[in-house]
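In: using only what follows, build the 3D model:
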Amino acid sequence: MTLSTFNRRESPLWQIVEFLQRKGSATIKEIEELLGVTTTAVRQHLTTLQAEGYIERRPVHSGVGRPHHAYFTTAKVQELFACHCDDLALTLLEEVFHLEGESRATELLDRVGTRLAGKYASSVRSTLLQDRVGELAQALNGNGVLADALTANEEIVLRTYNCPFHELAQEHREICEMDRSMLEKVLGTDVSLSQCMLEGHAGCTFTVVAAARNGSAATGNGHAAHD
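Out: Predicted structure coming up:
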């Protein structure tokens, strides 16, 4: 099964996968409410996703009483969000590290991040930081990166639930730094990576610091994107 098989957001299978990625887990009843279909239809979709290895069913203990069952995505789901260029990108990056050294490779990634920032900057127009984070989340969603703008403990947070460079980032964590730096360039303020999916978290959490940085948001004309 491929991303085209899901037909992206129009497919019930894709809606289930995206819902589980964002929420962490869900029961059959919650998925019924999401799709507006019968229990039988939901079970058919879940059976398909389980057979393909994209989701799994686990018991969940919540307080007193017998545990209930919920559905979770597996690591295989990251394949659906990958940019499908990881083999080539990984080989090229490894060659840069080998031939040019870590410093030049880091410089290359910074240039890539700047081009990505230029791509997203055109969608981030508000002067209010919280609104800018919301606009960036919307732009990321439009490019296949599941993202939410949240307020947690009086902090502005950008949360992503998948990574188009997942396999590449597993080999070179510099990719995570590139993403963090790219967000800073777009938002025009400091951003810290407080949780990372590569460390076992359900997603990546970027904490946005309200104090303005020197300079403004990116205005470059780069054409690279999360796709």
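In: phi, psi for Ala149 please.
Out: phi -100, psi 120 (degrees, to the nearest 10).
In: and the closest residue in space to Arg125 that isn't next to it in sequence, what does it touch?
Out: Sequence neighbours aside, Glu135 is the residue nearest to Arg125 in space, at 6.7 Å (criterion: Cβ to Cβ, 6 or more residues apart in numbering). (Each C-beta comes from the backbone N, C-alpha and C, glycine too.) Taking Cβ atoms under 8 Å, 6 or more residues apart in numbering, we find Glu135 in contact with Ser123, Val124, Arg125, Ser126.
In: shouldn't the last one be within a strand?
Out: Right, the one you point to is Ser126. No: according to DSSP: H, G, I helix; E, B strand; the rest coil, the state of Ser126 is coil, so it is not within a strand.
In: oh, and call the first residue 57 from now on, that's how I've got it
Out: Yes, from this point I'll number from 57; that puts the last item at Ser182.
In: what about the nearest residue to it once chain neighbours are set aside, distance to Leu249?
Out: Excluding its sequence neighbours, the residue lying closest to Ser182 (Cβ to Cβ, 6+ apart) is Arg188, at 5.0 Å. Noted for Arg188: a distance of 18 Å to Leu249, by Cβ to Cβ, to the nearest Å.
In: same thing with Ala205?
Out: Ala205 is 16 Å from Leu249, where distance means Cβ to Cβ.
In: okay, the two: which has more neighbours?
Out: Ala205 (19 against 15; other Cβ atoms under 10 Å).
In: isn't Ala177 right up against Val242?
Out: Yes: distance between Ala177 and Val242: 5.3 Å, which falls inside the contact criterion (Cβ atoms under 8 Å).
In: of those two, which one has the most company?
Out: Using other Cβ under 10 Å, the more surrounded residue of Ala177 and Val242 is Val242, with 27 against 22.
In: done for today, thanks.
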